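J.: okay, structure incoming, though there's no sequence with it:
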């Protein structure tokens, strides 16, 4: 089996992002790359771009799955671009492409991706102090099914470590 | 312009449904039909089926947009079936097909549809005493963007009245 | 079972349409409505609009499944609009929503829908003198699998009669 | 700009494949890898698997975009798997992910991908002696729009050379 581990990082796009969130996302990208996992993101700005930037700087491989049908919309740190042409429903593609998911802050798009990952029982870690969706849903289940707990973590290292532990389990 | 008003009703599928929720969903379906709107649902069981049943009994027209690629999976109260073949990402199709959305209870799939509707700024009403997603998010915004408030309502009549007021506005 | 028969009509959009093709598509729409089937189209111009116009004038029910995420792009003869937000991949949605397919002329988009219908083994009739894809593939299989033959027909009446015979068979 | 060149190889799945087609597809995969392009395929059997095998053996990077929602359905030579969950409409994802397309034999699924690539004006090369869709449509346009000609080629080397010439042009 040739397939590499694939970790999805989700969070605020440019409209809701801050320098602190970008720094955190960059560090998550670095850790994903150091774990020799492929980084998957939604390929646009904010957390997606910062995480791709970090993974790229650390020598990792990055995939951006974007809503548009033209690769030129992807940020400049994506090695591979999947221009889905599916609009925002590409959130499901992102989740399905993940062996595990890490949440950094985030708004309604991030919550949509979290729902998709939860319904497909993917391991999910949330940086619990990063605000937004990550903070709001840390250490919770999304519903009565209790498919997977969204595990709150403190650091990028801890986030990647948790995801790796769940994938190999 | 020939297009009719289209109202989406979302909520628990069979796994999380109760006789009370089914009764409520049935009544929502009746009200949607009485307003001469087309009822859109995810076409499967639980709230989707009960709402379609109600709309059907009240002489309304019902559309079911299902994850599978074969119409035989739809419940028996769908006049028109869109067998999307898209899996759970059909949640976005449901939301995009709505001029307005009514939430009855609901779990992670309902939350996914709510996110999609919110991102596309559809009016959303939630039956605030129906539990699940409807109760948890009543009278809230899903994120800092404040696209649309999820307006908590008490009854099916109030839900449909609110949606109509937003569409005609 | 409440579900109505659903017939998809495909063909040139405005860019490749002629008054003759529009007349033919209009007549196909009339025949679909007279058979008490729901007309499904891609919801835009050319053959899609003319068929919807015909079905509408004959008192039928019309559904338009469009690439865009906003119903305002649909032609004015669609009773129900599914604004898929999926771009041109909505061609698969159209095919999957059909119990049978009628081809009027057509170019690459029509061929894409024909492939999707063929792969899902839907009955397909082609107006063999209408040019384009309809003429090129009449009385042929799309590949070695011989899933379904694209049956060449002479008139709108014959097209609908063939589809009905295959659905009830 | 970090994005790498992405070349899609399409053709028969296991049901219509022969040892000769597999050999040809393997060689196409080798040439794609030697050009330092990323190989994109539909991730399943037949031509998809053989091309991925070739690219893999030549040290290339391979992406498989599959219809299912679970990566375990992909062939063992995919480095990265996008389990789309979209059914056969993932044909559009494949085409949109390509900077250029190479056709090896092929049936209705291949034709569907060719339509999607043509509608989005991607450069397309067809191995003209490989039978199926590749032979049938070599040196033709799919319709009156004349978006892009499907250029017939004799060898895998020529196929990749043509695609590269179109991408850099």
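T.: Here it is on my side, so go on. Just so you know, these numbers come straight off a predicted model, no measurement behind them. Residues are numbered from 1 along each chain as shown, chains lettered A, B, ... in the order given.
J.: which residue ranges of chain A form helices?
T.: A:19-34, A:47-57, A:90-96, A:108-119, A:132-137, A:156-168 (DSSP state H).
J.: just name the most buried of those helices.
T.: Highest mean neighbour count of these: helix A:90-96, a mean of 29 (counted as mean count of other Cβ atoms under 10 Å in any protein chain shown). C-beta coordinates here come from the backbone N, C-alpha and C atoms, glycine included.
J.: whether that one contacts chain D - can you check?
T.: Yes. Using Cβ under 8 Å from any Cβ of the partner chain, helix A:90-96 reaches chain D at A:92, A:93, A:96.
J.: got the contact list for residue A:49?
T.: Residues near residue A:49 by Cβ atoms under 8 Å, 6 or more residues apart in numbering or on different chains: A:14, A:41, A:75, A:77.
J.: contact residues of chain A facing chain C?
T.: Checking chain A against chain C by Cβ under 8 Å from any Cβ, the hits are A:69, A:85, A:86, A:87, A:88, A:89.
J.: pull out the buried members of those residues.
T.: Among those, the ones that count as buried by 16 or more other Cβ atoms under 10 Å in any protein chain shown are A:69, A:85, A:86, A:87, A:88, A:89.
J.: filter the residues you listed by proximity to chain B?
T.: A:86, A:87, A:88, A:89.
J.: separation between the first one and residue D:108?
T.: Spatial separation of residue A:86 from residue D:108 under the definition Cβ to Cβ, to the nearest Å is 22 Å.
J.: now do the last one
T.: Relative to residue D:108, residue A:89 is positioned 25 Å away (criterion: Cβ to Cβ).
J.: check the third one too.
T.: From residue A:88 over to residue D:108 the distance is 30 Å, taken as Cβ to Cβ.
J.: wait, does stretch A:151-169 contact chain D?
T.: No. Judged by Cβ under 8 Å from any Cβ, stretch A:151-169 stays clear of chain D, getting no closer than 11.6 Å.
J.: quick check: residues of chain A near chain B?
T.: So chain A meets chain B at A:15-16, A:86-89, A:91-93, A:106-109, A:111-112, A:115-116, A:118-120, A:132-133, A:142-145, A:147 (Cβ under 8 Å from any Cβ).
J.: hmm, residue A:96 is touching residue D:84, no?
T.: Yes. Counting by Cβ atoms under 8 Å, residue A:96 does reach residue D:84; the two are 6.7 Å apart.
J.: identify the contacts common to the two.
T.: residue D:69.
J.: any idea how far residue D:163 is from residue A:100?
T.: 35 Å.
J.: could you list the low-pLDDT ranges of chain A?
T.: When residues are selected by pLDDT under 70, those of chain A lie in A:1, A:168-169.
J.: enumerate the residues of it near chain D.
T.: Checking chain A against chain D by Cβ under 8 Å from any Cβ, the hits are A:1-4, A:6, A:38, A:56, A:61-63, A:65, A:69, A:71, A:74, A:76-86, A:92-93, A:96-97, A:99, A:120.
J.: which of those residues are buried? Put it as a ChimeraX command.
T.: Provided next is the ChimeraX selection string for whichever of the residues of chain A next to chain D are buried by 16+ other Cβ under 10 Å:
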select /A:2,3,4,6,38,56,61,62,63,65,69,71,74,77,78,79,80,81,82,83,84,85,86,92,93,96,97,99,120
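J.: now, which of the residues of chain A next to chain D lie within strands?
T.: A:6, A:38, A:62, A:63, A:65, A:80, A:81, A:82, A:83 (DSSP state E).
J.: closest to chain B among those residues?
T.: Among these, residue A:65 lies closest to chain B (Cβ to the nearest Cβ), at 12.4 Å.
J.: thought that closest one was touching residue A:94?
T.: Yes. With contacts counted by Cβ under 8 Å, residue A:65 reaches residue A:94, the gap being 5.3 Å.
J.: which neighbours do these two have in common?
T.: A:40, A:41, A:42.
J.: go through these and name the one nearest chain D.
T.: Distances from chain D to those, taken by Cβ to the nearest Cβ, are shortest for residue A:40, at 8.6 Å.
J.: so how far is chain C from the nearest residue to the closest one once chain neighbours are set aside?
T.: Spatial nearest neighbour of residue A:40, excluding adjacent residues (Cβ to Cβ, 6 or more residues apart in numbering or on different chains): residue A:8 at 4.4 Å. Noted for residue A:8: a distance of 21 Å to chain C, by Cβ to the nearest Cβ, to the nearest Å.
J.: how much space between residue A:8 and chain D?
T.: 12 Å.
J.: which residues does the nearest residue to residue A:64 once chain neighbours are set aside contact?
T.: Leaving aside its sequence neighbours, residue A:64 sits nearest to residue A:43 (Cβ to Cβ, 6+ apart; 2.3 Å). The neighbours of residue A:43, taking Cβ under 8 Å, 6+ apart as the test, are A:52, A:63, A:64, A:65, A:66, A:73, A:74, A:75, A:78, A:81, A:82.
J.: repeat that with 7 Å
T.: A:64, A:65, A:66, A:74, A:75, A:78, A:81 (Cβ atoms under 7 Å, 6 or more residues apart in numbering or on different chains).
J.: pick out the most distant pair among those residues.
T.: Maximum pairwise distance among these (Cβ to Cβ): 12.0 Å, between A:65 and A:75.
J.: can you give me the end-to-end distance of stretch A:146-161?
T.: Terminal residues of stretch A:146-161 lie 22 Å apart, using Cα to Cα, to the nearest Å.
J.: next one: that stretch to chain centre, how far?
T.: In terms of Cα atoms, centre = their mean, to the nearest Å, the centre of stretch A:146-161 is set 12 Å apart from its chain centre.
J.: make sure residue A:131 is actually in contact with residue A:107.
T.: No. If you go by Cβ atoms under 7 Å, residue A:131 and residue A:107 don't touch, sitting 10.0 Å apart.
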